[in-house]
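J.: Please work out how this folds:
(one chain, ligands or ions: 3)
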Amino acid sequence: MNDSLPLEPAAEDAGRHGHQEPEGATLPHDLPVFLVGMMGAGKTTIGRSLARLLGREFVDLDHELEARCGVRVALIFEIEGEDGFRKRETALLDECSQRSGIVLATGGGAILAPENRRFLKDRGVVVYLRASPQELYRRVARDRNRPLLQTPDPQARLQALLAEREPLYESVASFIFETGTMPVPQVLRTLVPLLQQHEVQS
Ligand SMILES: Nc1ncnc2c1ncn2[C@@H]1O[C@H](COP(=O)(O)OP(=O)(O)O)[C@@H](O)[C@H]1O
Ligand SMILES: O=C(O)C1=C[C@@H](OP(=O)(O)O)[C@@H](O)[C@H](O)C1
Ligand SMILES: [Mg+2]
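T.: Ligands and ions are numbered 1, 2, ... in the order given. Below you'll find the model as predicted:
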């Protein structure tokens, strides 16, 4: 057993929940895997664990941007506005999406720019992690580092953003994964075989 994997529950946990976590897997290609979806879909969380399972490098676009700029996403929004953030996001996505064999978690709005959608579609396998607005809200309600949700009615904002973005997520997706209320380990157990079976179009 590989104890560097974060997904291994204690033995009694695995028994209690009636499942074993995956111990490691590979994909039949080294195309990057891109995760897209709304804030709260689980891109960062699932992406990190998925990369560990697959023995791949993990890049979270927002974290990479924060590391390079030396400030949080919220401060980039404050200083440069959403437009400034989007320009940085596009430049970084262009760079990172060319790295083979990575798992890349995008930010929820990375599908807004047509050129970003092209990078994603042309350069890797794109998984749209989907969840209902209620579930998304439940997951992000207490988070203060999502500037687009710092409004009097964040739930309504999430719903509006989802309505606007849904066709864009769908347009780039190689496939759609409904997380529903599935816990993260179960998402991984289901997602890995789907990725392994996914036919790569060339
Ligand atoms: N399938 C899931 N079930 C329950 N909670 C989840 C799930 N996926 C993510 N979360 C939680 O939701 C929050 C947001 O997840 P995150 O990975 O930051 O989403 P994203 O990067 O898509 O915005 C985190 O607290 C995370 O632990
Ligand atoms: O949906 C969006 O426009 C955004 C989502 C965030 O990432 P997550 O989807 O990882 O929360 C982050 O990129 C920024 O706050 C903007
Ligand atoms: Mg994220």
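
J.: And the strands in this structure?
T.: Using DSSP state E, the strands of the chain run over residues 33-36, 57-60, 102-105, 125-130, 175-178.

J.: any idea which helix is longest in the protein?
T.: helix 73-96 (DSSP state H).

J.: If you count neighbours, what's buried in that one?
T.: Residues of helix 73-96 classed as buried: 73-74, 76-77, 85-86, 88-90, 92-93, 96 (neighbour count, 16 or more other CB atoms under 10 Å). In this view, the C-beta of every residue, glycine as well, is placed from N, C-alpha and C.

J.: Of those, just say which sits nearest to Ala156.
T.: Phe77 (19.3 Å; CB to CB).

J.: ok, the closest one touching Arg86?
T.: No. If you go by CB atoms under 8 Å, Phe77 and Arg86 don't touch, sitting 10.0 Å apart.

J.: check contacts around Pro154.
T.: 137, 140-141 (CB atoms under 8 Å, 6 or more residues apart in numbering).

J.: hang on, I meant Thr45
T.: Val184.

J.: Report the separation between it and Val140.
T.: 12 Å (CB to CB, to the nearest Å).

J.: Distance of the closest residue to Ala25 other than its chain neighbours relative to Thr44?
T.: Spatially, and ignoring its direct neighbours in sequence, Ala25 is nearest to Val192 (5.0 Å; CB to CB, 6 or more residues apart in numbering). For Val192, the distance to Thr44 equals 18 Å [CB to CB].

J.: likewise Arg189?
T.: Distance, Arg189 to Thr44, using CB to CB: 19 Å.

J.: For stretch 139-146, output the C-alpha coordinates as PDB.
T.: These are the backbone C-alpha positions of stretch 139-146, laid out as PDB (Å, rounded to 0.1, in the frame of the first residue of the first chain):
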ATOM      1  CA  ARG A 139     -19.800  24.200  -0.200                       C
ATOM      2  CA  VAL A 140     -18.700  27.800  -0.600                       C
ATOM      3  CA  ALA A 141     -21.100  29.700   1.600                       C
ATOM      4  CA  ARG A 142     -18.500  30.300   4.300                       C
ATOM      5  CA  ASP A 143     -15.500  31.000   2.000                       C
ATOM      6  CA  ARG A 144     -14.400  34.600   1.900                       C
ATOM      7  CA  ASN A 145     -11.700  34.200  -0.900                       C
ATOM      8  CA  ARG A 146     -14.200  34.200  -3.800                       C
END
